[in-house]
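> structural data only, the sequence is not supplied:
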């Protein structure tokens, strides 16, 4: 598990309701949903970025691996471009990738 949720509350759930999706596990662990702040445009614009032309086979998690050495930060690239899924990006689209992941997380309040 990633360290992303280390500071969040967790709930251990053994409800019979979840039995079909537990795949043999006795309990499920649910983590508190992080609350992201919506930074003002000036703060968002303060992030240094690099441009990327969306090509066949591109995925947010692959770009996160290339730029941040961690595919779990795919959502930062998606958030910055206002595109929740890759399906919404036509080939040839120009996207911006924040180059400093720690700075991007600070702007988001994480």
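Happy to help now that I have it. All values reported here derive from a predicted model rather than from experimental measurement.

> which residue is nearest the centroid of the protein?
In the chain, the centroid-proximal residue (Cα atoms, centre = their mean) is residue 75; its distance is 2.3 Å.

> could you pull out the strands for this protein?
Using DSSP state E, the strands of the chain run over 10-13, 28-31, 49-53, 94-98.

> break this structure into its domains for me.
1-34, 41-107 (automatic domain parsing).

> got TSV for these, with mean pLDDT too?
Formatted as TSV, those follow (pLDDT from 0 to 100):
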stretch	mean pLDDT
domain 1-34	72
domain 41-107	94
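
> deepest-packed of the ones you listed, please.
domain 41-107 (a mean of 14; mean count of other Cβ atoms under 10 Å). (C-beta placed from N, C-alpha, C; glycine too.)

> okay, how far is it across that one, tip to tip?
11 Å (Cα to Cα, to the nearest Å).

> my read: residue 105 touches residue 76, true?
Yes. Here residue 105 lies in contact with residue 76, judged by Cβ atoms under 8 Å, at a distance of 7.4 Å.

> how many other residues sit next to residue 36?
Neighbourhood size, residue 36 [other Cβ atoms under 10 Å]: 13.

> residue 53 pairs with what?
residue 94 (DSSP bridges).

> the longest helix seen in the chain packs against which elements?
What stands out as the longest helix in the chain, according to DSSP state H, is helix 60-68. Contact here means 3 or more Cβ pairs under 8 Å, 6 or more residues apart in numbering; DSSP states H and E; on that basis helix 60-68 packs against helix 74-80.

> now the strands of the chain as JSON lines including distance to residue 37?
Below are the strands of the chain laid out as JSON lines (distance: least, Cβ to Cβ, whole Å):
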{"stretch": "strand 10-13", "distance to residue 37": "22"}
{"stretch": "strand 28-31", "distance to residue 37": "19"}
{"stretch": "strand 49-53", "distance to residue 37": "19"}
{"stretch": "strand 94-98", "distance to residue 37": "15"}
